[in-house]
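> everything below, folded, please.
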Amino acid sequence: MTQATSEMAILLDQTVTRLFGDLVTEKVLAAAEQGVWPQQLWDAIVENGLTQPLVSEENGGVGASWRDTYVIIRAAGYFSAPVPLPETIAAGSLLSQSGIAVPEGPLSLAKAPKNGLDLAKDDQGNWRLDGCLPRVPWGRDVGYVIFSYEDLIVCAPVAGSEISKGSNVAGEPRDNLSFSNQTVEASPCSGTSDRNGALIRAAQIAGAAERALEEAVGYANERVQFGRAIGKFQAIQQNLAVMASETAAAGCAAEMAFQAADNGKAEFEIAAAKIRNGEAGDIVTATAHQVLGAIGFTREHHLNFVSRRIWSWRAEFGSASSWALKLGQATIERGGENLWPDLTARQH
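Residues are numbered from 1 along each chain as shown. Predicted structure coming up:
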């Protein structure tokens, strides 16, 4: 965190670190991957007012900034929290922007497919949704799913939809939701679920990379080979140095994107963070497993949980290559002569 960290961010950081540290145990993580909803964890999150930090106080939220909220979502990644807290926060922000009341309970944020989904008004002026939303995060566990459709934000109740259960490699629910003439709310919004989704995944990867680094350093200092800790060997030290630099870069990229989100025009920073953190995630996980060897792949070690989440999150809400393509296309459209001025004009 930067020297300009606000009192709000410090308070949120202390709260979420204590809460996750106490309640996100190996037992809870293992049970969640078997489909057990961690009710005690979610109740504690609600009790501490962490679900809607970006919503104004008069509307039942905390009134924090994106920059303040970064510490919550980073911590969710660091601790591998098995709940849709990042999605709930990002979805609540979009609903608040669009003027739609934020429902209570856990929410999901989804990326709408290019085809296979239809939204239209009926004769009474109500929005109706038909089609399938694929791989909705935590679809079976939430009350509503929020997604972008053209220039609208859509809030669709999960009740009444047909749920086909699935999961990502981390064991987190990624369910297909099929809707048939479902009544939904929709309203224009400048924000999009794609951008908010990429933003939270970048922060989660940054937090998880930090945890992977700590696990690797701890193991290197404890594991003895040839009469001394393996962390004393130059090759291991080099690996840890690479991990440290990639982890620092991931944290900086994500935090800058969150800071830019407060200014309302964060497309460049979000794309850069998703690209950079996808690359960092690959390097950090590969290097961590080189340091730990076979033990890092077992359920006995927390690196197993961390790595599988990084591998999953890097592809969700757009892979590094897809965001790189968008960034390249935007740069071409602006013209080569504007590239340097565009970069140097960014002050946060």
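
> now do the strands in the stretch 51-200 of the chain.
For the stretch 51-200 of the chain, the strands defined by DSSP state E, counting those that start in this stretch cover 107-110, 117-121, 127-137, 144-149, 152-157, 162-164, 174-188.

> how about those in JSON lines, adding distance to residue 206, mean pLDDT and mean neighbour count?
Using the backbone N, CA and C atoms, a C-beta is placed for each residue, glycine as well. Shown next, in JSON lines, are these (distance: least, Cβ to Cβ, whole Å; pLDDT from 0 to 100; neighbours: other Cβ atoms under 10 Å):
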{"stretch": "strand 107-110", "distance to residue 206": "18", "mean pLDDT": "98", "mean neighbour count": "28"}
{"stretch": "strand 117-121", "distance to residue 206": "31", "mean pLDDT": "96", "mean neighbour count": "14"}
{"stretch": "strand 127-137", "distance to residue 206": "18", "mean pLDDT": "97", "mean neighbour count": "20"}
{"stretch": "strand 144-149", "distance to residue 206": "23", "mean pLDDT": "98", "mean neighbour count": "24"}
{"stretch": "strand 152-157", "distance to residue 206": "26", "mean pLDDT": "98", "mean neighbour count": "22"}
{"stretch": "strand 162-164", "distance to residue 206": "31", "mean pLDDT": "98", "mean neighbour count": "12"}
{"stretch": "strand 174-188", "distance to residue 206": "21", "mean pLDDT": "97", "mean neighbour count": "18"}
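
> which one of the ones you listed lies closest to residue 217?
Closest approach to residue 217 among these (Cβ to Cβ): strand 127-137, 30.5 Å.

> just the C-alphas of that closest one, formatted as CSV.
C-alpha atoms of strand 127-137 as CSV (Å, rounded to 0.1, in the frame of the first residue of the first chain):
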residue,chain,number,x,y,z
TRP,A,127,-37.6,-6.2,-19.3
ARG,A,128,-37.6,-9.9,-20.2
LEU,A,129,-34.5,-12.1,-20.4
ASP,A,130,-34.1,-15.3,-22.5
GLY,A,131,-31.1,-17.4,-23.1
CYS,A,132,-28.1,-18.7,-21.1
LEU,A,133,-25.4,-17.0,-19.1
PRO,A,134,-22.4,-19.4,-19.1
ARG,A,135,-20.0,-20.0,-16.2
VAL,A,136,-21.6,-17.6,-13.7
PRO,A,137,-19.3,-17.3,-10.7
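
> partner strands of it and their direction?
Its sheet considered, strand 127-137 pairs with strand 117-121 (antiparallel), strand 174-188 (antiparallel) by DSSP bridges.

> that older thread, tabulate the strands of the stretch 51-200 of the chain in CSV, adding columns for distance to residue 24.
Formatted as CSV, the strands of the stretch 51-200 of the chain follow (distance: least, Cβ to Cβ, whole Å):
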stretch, distance to residue 24
strand 107-110, 20
strand 117-121, 34
strand 127-137, 17
strand 144-149, 24
strand 152-157, 28
strand 162-164, 26
strand 174-188, 20
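
> between the ones you listed, which one is closest to residue 255.
Here strand 107-110 is closest among these (Cβ to Cβ), at 20.2 Å.

> distance from the chain centre to the closest one, please.
Relative to the chain's own centre, strand 107-110 is displaced by 11 Å; criterion: Cα atoms, centre = their mean, to the nearest Å.
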